[in-house]
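Asker: pasting the structure only:
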């Protein structure tokens with residue numbers, strides 16, 4: 001049985017949404033009324049947040065808010081060329097993905113004559129400023145094991161824009177994070193962790209592999225670097241091996257589906273890393289090759305995990321892992 005953070009209701013106020021989406025790394029637009037002439041649905045500096053699948057707060061509803069929502073999502077998708085003029089311009093054919101990303105990061109303004117253009121009874125006009133945040137998809141990490149290194153790693157990930165699913169079969173490993181008033185009988189279990197870190201208690205952690213990889217293959221087209229990471233660091237070497245094999249099996253299946261002779265180099269293919277000593281790494285590699293995995297497939301496994309920064313303390317190892325993840329994520 002799996003335990004996870006209780007899903008919260010969507011925020012209603014723009015400032016709650018801004019805080020939540022910034023912390024979770026969710027792409028969003030802050031739309032602000034920066035000029036008002038005559039009568040308008042909302043006053044100067046009114047704000048709302050728009051994501052790809054929701055909104056919070058309001059600029060007064062009606063045609064104005066409808067167009068603001070559409071424009072915000074076009075910006076998130078890189079569909080508006082903000083270099084042309086102050087009105088919406090579709091992105092011209094041939095523009096690169098890098099150009100799309102630049103446009104996503106731009107601050108954009110749009111003027112709305114309410115009566116003539118939007119058929120709103122106010123009759124005045126407003127200018128709305130659009131600010132895009134977290135337009136590069138955040139890191140998504142699937143972490144197996146809740147030991148000392150993983151706990152130290154969560155301290156670092158708590159301060160980064162990412163989404164983390166943290167899996168262990170031992171309920172007692174998450175006990176330290178339980179809220180004092182957490183219900184363990186009928187209600188959902190809640191933890192003293194940031195909302196973007198989701199603990200899971202699962203007897204068979206391997207079940208998390210396939211859905212995670214499927215999500216990575218459905219990721220958006222704007223790729224900065226590696227965005228999906230599978231980090232294996234459990235207490236059990238045999239479980240580590242099973243998790244590594246399950247991931248490599250999924251890579252082989254993806255390779256077969258795309259009909260190529262080599263492992264896909266798509267940036268949507270998750271990074272796979274396993275914590276280990278040099279001896280454990282050699283043993284794993286030898287066992288995989290003996291079981292028929294090609295060297296090209298086995299080379300997709302990073303083992304030992306992390307940059308060679310020195311130090312064996314849990315936090316030192318966690319820093320080396322976080323550094324490697326950030327390095328791969330920020331590669332162009």
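Answerer: Received, thanks. No experiment lies behind these values; they were computed from the predicted model shown. Numbering: from 1, shown residues only.
Asker: any weak-confidence spans in the protein?
Answerer: For the chain, residues meeting the criterion pLDDT under 70 lie at 1-10, 81-106, 115-123, 180-188, 219-225, 258-268, 332.
Asker: residue closest to the middle of it?
Answerer: Centroid-nearest residue in the chain, with CA atoms, centre = their mean: residue 138, separated by 3.4 Å.
Asker: what sits closest to that residue if chain neighbours are left out?
Answerer: The shortest distance from residue 138 to any non-neighbouring residue, by CB to CB, 6 or more residues apart in numbering, is to residue 25 (2.8 Å). In short, each C-beta sits where N, CA and C put it, glycine included.
Asker: surely that neighbour and residue 159 touch.
Answerer: No. The pair residue 25 / residue 159 is not scored as a contact, 11.7 Å apart, by CB atoms under 8 Å.
Asker: what ranges do the strands span in the stretch 151-300 of the chain?
Answerer: For the stretch 151-300 of the chain, strands defined by DSSP state E, counting those that start in this stretch occupy the ranges 162-168, 197-201, 228-232, 271-274.
Asker: now these in CSV, with distance to residue 287 and mean neighbour count?
Answerer: CSV is the format used below for those (distance: least, CB to CB, whole Å; neighbours: other CB atoms under 10 Å):
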stretch, distance to residue 287, mean neighbour count
strand 162-168, 23, 23
strand 197-201, 27, 21
strand 228-232, 15, 25
strand 271-274, 12, 23
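Asker: for those, give me TSV that also has distance to residue 65.
Answerer: Output for the strands of the stretch 151-300 of the chain, formatted as TSV (distance: least, CB to CB, whole Å):
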stretch	distance to residue 65
strand 162-168	28
strand 197-201	32
strand 228-232	34
strand 271-274	40
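Asker: and those strands: which comes nearest residue 75?
Answerer: Residue 75 sits nearest to strand 162-168 of all the strands of the stretch 151-300 of the chain, at 21.9 Å, using CB to CB.
Asker: in its sheet, what does that closest one sit against?
Answerer: Sheet pairing for strand 162-168, assigned by DSSP bridges, gives strand 139-144 (parallel), strand 197-201 (parallel).
Asker: residue 125 - how many residues pack around it?
Answerer: Residues contacting residue 125 under the criterion other CB atoms under 10 Å number 19.
Asker: so how far is residue 279 from it?
Answerer: Separation of residue 125 from residue 279 (CB to CB, to the nearest Å): 71 Å.
Asker: pick out whichever of residue 25 and residue 159 has more residues nearby.
Answerer: residue 25 (19 against 10).
Asker: ok, now which ones touch residue 25?
Answerer: Applying CB atoms under 8 Å, 6 or more residues apart in numbering, we find residue 25 in contact with 134, 137-139, 161-163, 196.
Asker: and if you look at residue 313?
Answerer: Contact partners of residue 313, counting by CB under 8 Å, 6+ apart, are absent.
Asker: check the one 4 residues further on too.
Answerer: Applying CB under 8 Å, 6+ apart, we find residue 317 in contact with 149, 152, 275, 306, 311.
Asker: residue 20: which of these is nearest?
Answerer: For these, the residue nearest residue 20 by CB to CB is residue 152; the value is 25.2 Å.
Asker: list the buried ones in the helix or strand containing residue 319?
Answerer: Applying DSSP states H and E as the criterion places residue 319 in helix 314-329. Neighbour counts over helix 314-329 (16 or more other CB atoms under 10 Å) mark 314, 317-322, 324-326, 328-329 as buried.
Asker: these into CSV, with extra columns for distance to residue 232?
Answerer: Formatted as CSV, those follow (distance: CB to CB, whole Å):
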residue, distance to residue 232
314, 16
317, 14
318, 14
319, 18
320, 15
321, 11
322, 16
324, 14
325, 13
326, 19
328, 16
329, 18
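Asker: ok so, going back, is it possible to export the strands paired with strand 162-168 to TSV including distance to residue 33?
Answerer: Below are these laid out as TSV (distance: least, CB to CB, whole Å):
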stretch	distance to residue 33
strand 139-144	33
strand 197-201	35
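Asker: and of the ones you listed, who's closest to residue 250?
Answerer: Nearest to residue 250 among these is strand 139-144; the distance by CB to CB comes to 12.0 Å.
Asker: taking helix 314-329 as reference, get the angle to the closest one.
Answerer: Comparing the axes of strand 139-144 and helix 314-329 via axes from the mean of the first three to the mean of the last three CA atoms, to 10 degrees yields an angle of 140 degrees.
Asker: how far away from the center of its chain is strand 139-144?
Answerer: Taking CA atoms, centre = their mean, to the nearest Å, the mean C-alpha location of strand 139-144 is offset from the chain mean by 10 Å.
Asker: pull the most distant pair out of the contacts of residue 317.
Answerer: Farthest pair in the contacts of residue 317 (CB to CB) is 275 and 311. Separation: 13.9 Å.
Asker: so for those two, which residue has more residues nearby?
Answerer: residue 275 (22 against 10).
Asker: thank you kindly, that will do.
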